[in-house]
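> Quick check, what structure comes out for this input:
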Amino acid sequence: MAWNSASLESILAMIVAVLFVVAGAINLSGRGAVKSDFARWGYPAWFRWLCGALELLGAALLFGQQTRVLGLVLASAIMIGALFTLLRNREPFAHLAPALVFSALVAATVALRG
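Below you'll find the predicted structure:
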């Protein structure tokens, strides 16, 4: 099979979509420290639900070829907000690292889309 930028872009988009499904499910479920993290960052309780819903919407948009650009725009906005929150609150690198990886994957997908 010949690899080209379109096939790599599709593979990366699917990886990003799956990661956003997982992140959205975690935010919606409130598992682990999610609820306390959002409260500690100063966000109202409903904001966790909004973030989870937007992550799932972004994932759904990424799965479709015709809606992928919109999904990448939404994913980028989500990651900008997440990175801003983590940096503003001086979170440790262990908390920041997953957001950096997500952001890098989104950026790589956008770059391959050309």
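
> Quick check: which ranges of the chain have low pLDDT?
1-2 (pLDDT under 70).

> in the lengthiest helix in the chain, what's buried?
Ordering each helix of the chain by length in residues (DSSP state H) puts helix 5-29 first. Neighbour counts over helix 5-29 (16 or more other CB atoms under 10 Å) mark 9-10, 12-13, 16-17, 19-21, 23-24, 27-28 as buried. All C-beta spots, glycine's among them, are computed from the backbone N, C-alpha and C.

> Can you name the next helix or strand after it?
Per DSSP states H and E, the first helix or strand lying C-terminal to helix 5-29 is helix 34-40.

> what is the orientation angle of the following helix or strand past that following helix with helix 5-29?
Later in the chain than helix 34-40, the nearest helix or strand by DSSP H and E is helix 45-63. Inter-element angle recorded for helix 45-63 and helix 5-29: 160 degrees (by axes from the mean of the first three to the mean of the last three CA atoms, to 10 degrees).

> Can you name every helix or strand that helix 45-63 contacts?
The elements that helix 45-63 packs onto, with contact taken as 3 or more CB pairs under 8 Å, 6 or more residues apart in numbering; DSSP states H and E, are helix 5-29, helix 34-40, helix 68-88.

> Just tell me which of these ends up closest to residue 50.
Shortest distance between residue 50 and the helices and strands packed on helix 45-63, using CB to CB, is found for helix 5-29: 8.9 Å.

> Would you mind getting the angle between that closest one and helix 68-88?
50 degrees.

> can you give me how far stretch 74-90 is from the chain middle?
Chain-centre distance of stretch 74-90: 9 Å, with CA atoms, centre = their mean, to the nearest Å.

> Flag every buried residue along that stretch.
Buried residues in stretch 74-90, counted by 16+ other CB under 10 Å: 74, 75, 76, 78, 79, 82, 83, 85, 86.
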